[in-house]
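Visitor: need a 3D model of the following:
(chains A and B)
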Amino acid sequence: EAAVTQSPRSKVAVTGGKVTLSCHQTNNHDYMYWYRQDTGHGLRLIHYSYVADSTEKGDIPDGYKASRPSQENFSLILELASLSQTAVYFCASSDPNQNTLYFGAGTRLSVL
Amino acid sequence: QQKVQQSPESLTVSEGAMASLNCTFSDGTSNNFRWYRQHSAKGLEVLVSIFSDGEKEEGRFTAHLNRANLHVSLHIREPQPSDSAVYLCAVSPRNNNNAPRFGAGTKLSVKP
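Guide: Numbering: from 1, shown residues only, chains lettered A, B, ... in the order given. From the prediction side, this is the model:
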């Protein structure tokens, strides 16, 4: 069954440490996205990609890097984690024609 | 940049009564609108998609789009307690190489 799988499901990180969130999709979709969710803010777009080896900045890219080494994999990297990056992170994929997003289950990140 | 706003922030209805949720957007060239549902910080599931003015029904869920008024709504017929969740509006621009933007969500509670 086609799916979007995020790992880890939860993580506790220390301030200033490096964090990598991973996303793998088996939907054969070209487009992939990273959003973060905070109470009262809905989903905010961090980075997205519509082809392997290329990424685009979303609305809140500061403090985040993205990597798309293959169609199936899309990573979000926090080089120097900060308290303000505590949130739930969602990865999604979509077909460019239909544009319906298929979401992973989310990663709950706590930065202490 | 696309702005998406949802109202009300929270809504309580009785089981069987109609629930109506609203979403306004800023980019009048947007042509791709979806409503998603999220149960308790879990992943999101798409409920209904609409691409032209008028209405689109998917089971008990009906979306109404009026692009001249920059407004899209979701109506839930005969809501049940299991429909209690956060409902998110997503708006995509005409250019599919740009990502969907979300509103902050409406938290719906359905009382038995």
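Visitor: where do the strands of the chain begin and end?
Guide: I went with chain A, as the question did not name one. A:4-7, A:10-13, A:19-25, A:31-38, A:42-51, A:54-57, A:65-67, A:73-78, A:87-94, A:102-103, A:107-111 (DSSP state E).
Visitor: looking at chain B here, not the other one
Guide: Under DSSP E, chain B gives strands at B:4-7, B:10-14, B:19-25, B:32-38, B:44-50, B:54-58, B:61-66, B:71-76, B:85-92, B:101-102, B:106-111.
Visitor: with mean pLDDT as extra columns, can I get those strands in TSV?
Guide: Below are those laid out as TSV (pLDDT from 0 to 100):
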stretch	mean pLDDT
strand B:4-7	96
strand B:10-14	96
strand B:19-25	97
strand B:32-38	94
strand B:44-50	94
strand B:54-58	97
strand B:61-66	98
strand B:71-76	98
strand B:85-92	95
strand B:101-102	94
strand B:106-111	96
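Visitor: export those strands to a markdown table and tack on distance to chain A and mean neighbour count?
Guide: For the C-beta atoms, the positions are set from N, CA and C on the backbone; glycine is no exception. Output for these, formatted as a markdown table (distance: least, Cβ to the nearest Cβ, whole Å; neighbours: other Cβ atoms under 10 Å in any protein chain shown):
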| stretch | distance to chain A | mean neighbour count |
| --- | --- | --- |
| strand B:4-7 | 8 | 18 |
| strand B:10-14 | 11 | 13 |
| strand B:19-25 | 11 | 20 |
| strand B:32-38 | 5 | 22 |
| strand B:44-50 | 5 | 19 |
| strand B:54-58 | 12 | 13 |
| strand B:61-66 | 13 | 18 |
| strand B:71-76 | 15 | 21 |
| strand B:85-92 | 5 | 24 |
| strand B:101-102 | 4 | 25 |
| strand B:106-111 | 10 | 18 |
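Visitor: which one, of those strands, ends up nearest to residue A:64?
Guide: Evaluated over the strands of chain B, closeness to residue A:64 peaks at strand B:101-102, with 17.1 Å, by Cβ to Cβ.
Visitor: pull up the pairing partners for the closest one, direction included.
Guide: Sheet pairing of strand B:101-102 (DSSP bridges) gives strand B:85-92 (antiparallel).
Visitor: what's the partner strand in contact with?
Guide: A:42-43, A:99, A:101, B:2, B:4, B:6, B:21, B:23, B:25, B:27, B:30-40, B:44, B:47, B:72, B:74, B:98-103, B:105-108 (Cβ atoms under 8 Å, 6 or more residues apart in numbering or on different chains).
Visitor: nearest spatial neighbour of residue B:99, skipping sequence neighbours?
Guide: Closest residue to residue B:99 apart from its sequence neighbours, by Cβ to Cβ, 6 or more residues apart in numbering or on different chains: residue A:48 at 4.5 Å.
Visitor: list the contacts of that neighbour.
Guide: A:31, A:32, A:33, A:34, A:55, A:56, A:58, A:66, B:99.
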